[in-house]
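>>> what follows is a predicted protein model with its sequence.
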Amino acid sequence: MKPELVTEPAAWQARCASARDGGARIVLVPTMGFLHEGHLSLLREARRRADAGGARGLAVASIFVNPTQFGPNEDLSRYPRDLEGDLAKCAEAGVDWVLAPSSPEKVFPPGHQTWVDVTGVSQGLCGGKRPGHFRGVATVVAKLFNLTRPHAALFGEKDYQQLQVIRTMVRELAMGVEIAGMPIVREADGLALSSRNAYLSKEERERALALSRALFAARDRAAAGERDAAALRAGIERELSKGADRIDYVEIVHPDTLAPVARAEPGSMALVAAYVGKTRLIDNVALT
Ligand code: AMP
């Protein structure tokens with residue numbers, strides 16, 4: 001069945017409040033749309049978790065290209081969109097309701113002046129390269145949580161730093177939302193699914209494989225006993241430069257604090273960001 005589409009945040013808030021008051025378990029998946037299998041894995045899991053108590057709960061999604069998380073020279077205006085296609089995919093995944101605000105001003109009216117700034121874990125990695133990005137992410141997610149008041153919300157490990165920023169925000173501001181991270185969904189050849197893959201030409205798509213290849217090679221080296229983070233980073237950079245046009249960062253970090261580590265331990269994360277053509281891609285793996 002097609003999900004119900006709500007375009008007014010106030011109407012969404014009223015509807016969610018009444019469902020919650022009626023005892024429904026609400027599970028939210030925030031997205032920017034142009035949905036792919038990665039998003040669908042989250043949406044299907046939301047359906048499952050919403051119904052986990054025995055009664056049928058509510059699996060809900062938001063589709064909002066959030067302007068506050070884009071820098072002035074980023075791809076906000078050309079970010080891919082397909083609301084009709086997204087609604088069909090949401091139907092497939094068993095989503096009940098979709099919030100897709102009819103304009104950015106519905107979420108951030110002119111004069112908006114309140115921001116959620118998670119400091120430590122937002123610094124470095126993507127936060128270092130995209131100033132203001134995580135402030136925009138944390139603020140919109142806080143607002144979506146207030147509008148929806150979900151019991152749980154699902155995020156992909158693809159955006160690993162984002163997941164840790166949200167976890168930190170929810171814990172430190174006592175938001176009372178259970179946060180679950182979901183594994184990265186990849187193409188058969190290893191490329192992590194991303195809405196931004198739509199920007200890649202055929203030739204760039206081929207070169208983009210350098211990200212996952214570099215990370216998988218590092219994971220194998222770590223599994224074989226390599227502990228030196230500098231050596232692992234150098235190996236990743238070498239592999240990455242075979243396909244990427246520009247490396248934004250390569251880091252080996254602690255999985256919770258995201259602080260760089262000198263020695264890789266089981267659970268340490270390797271994270272990369274790199275440009276293929278004009279497209280900025282990110283990926284990560286856990287070093288086991
Ligand atoms: P986005 O629409 O890019 O903001 O992503 C919405 C949610 O889907 C975020 O929690 C992402 O981490 C998650 N996501 C995006 N790509 C993937 C993927 N390949 N595998 C798993 N989750 C993903």
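Done, it's in. In this text the structure is predicted, and so the values were computed from the model without any measurement. Numbering: from 1, shown residues only.

>>> hey, let's count contacts and neighbours off CA atoms from now on
Will do.

>>> return the residues of the stretch 151-288 of the chain in contact with the ligand.
The stretch 151-288 of the chain has residues 155-159, 183-186, 192-194 near the ligand, with proximity defined as Cα under 6 Å from any ligand atom.

>>> from those residues, which land in strands?
The strands, defined by DSSP state E, take in 155-156 from these.

>>> let me know the closest of the residues of the stretch 151-288 of the chain next to the ligand to L209.
For these, the closest approach to L209 (Cα to Cα) belongs to A192, at 8.8 Å.

>>> so that closest one versus V116, what's the distance?
With the distance defined as Cα to Cα, to the nearest Å, A192 ends up 29 Å from V116.

>>> more neighbours, the two?
Neighbour count, other Cα atoms under 10 Å: between A192 and V116, A192 has more, with 21 against 17.

>>> so that one touches I184, yeah?
Yes. Between A192 and I184 there is a contact under Cα atoms under 8 Å: 6.7 Å.

>>> what do the two both touch?
Jointly contacting A192 and I184 under the rule Cα atoms under 8 Å, 6 or more residues apart in numbering are K158.

>>> which stretches in the stretch 51-200 of the chain count as helices?
83-93, 104-107, 125-129, 133-148, 160-172 (DSSP state H, counting those that start in this stretch).

>>> want to throw these into CSV with mean neighbour count and distance to A19?
Shown next, in CSV, are the helices of the stretch 51-200 of the chain (neighbours: other Cα atoms under 10 Å; distance: least, Cα to Cα, whole Å):
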stretch, mean neighbour count, distance to A19
helix 83-93, 18, 19
helix 104-107, 14, 21
helix 125-129, 17, 36
helix 133-148, 21, 10
helix 160-172, 20, 22
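
>>> for D228, find the nearest of these.
helix 125-129 (19.4 Å).

>>> helices and strands around that closest one, which ones?
Judged by 3 or more Cα pairs under 8 Å, 6 or more residues apart in numbering; DSSP states H and E, the packing partners of helix 125-129 are strand 246-253.

>>> give me that answer again for 6 Å
Using 3 or more Cα pairs under 6 Å, 6 or more residues apart in numbering; DSSP states H and E as the contact test, no helix or strand touches helix 125-129.

>>> that one vs the ligand: in contact?
No. Remark: helix 125-129 sits outside contact range of the ligand, by Cα under 6 Å from any ligand atom, the gap being at least 13.4 Å.

>>> for V27, what are phi and psi?
Backbone geometry at V27, expressed as degrees, to the nearest 10, gives phi -120, psi 130.

>>> let me have the helices of the stretch 51-200 of the chain in JSON lines, adding mean pLDDT as columns.
Putting those into JSON lines (pLDDT from 0 to 100) gives the following:
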{"stretch": "helix 83-93", "mean pLDDT": "98"}
{"stretch": "helix 104-107", "mean pLDDT": "98"}
{"stretch": "helix 125-129", "mean pLDDT": "97"}
{"stretch": "helix 133-148", "mean pLDDT": "98"}
{"stretch": "helix 160-172", "mean pLDDT": "98"}
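
>>> adding distance to G22, write those out as JSON lines.
Shown next, in JSON lines, are the helices of the stretch 51-200 of the chain (distance: least, Cα to Cα, whole Å):
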{"stretch": "helix 83-93", "distance to G22": "23"}
{"stretch": "helix 104-107", "distance to G22": "26"}
{"stretch": "helix 125-129", "distance to G22": "40"}
{"stretch": "helix 133-148", "distance to G22": "14"}
{"stretch": "helix 160-172", "distance to G22": "24"}
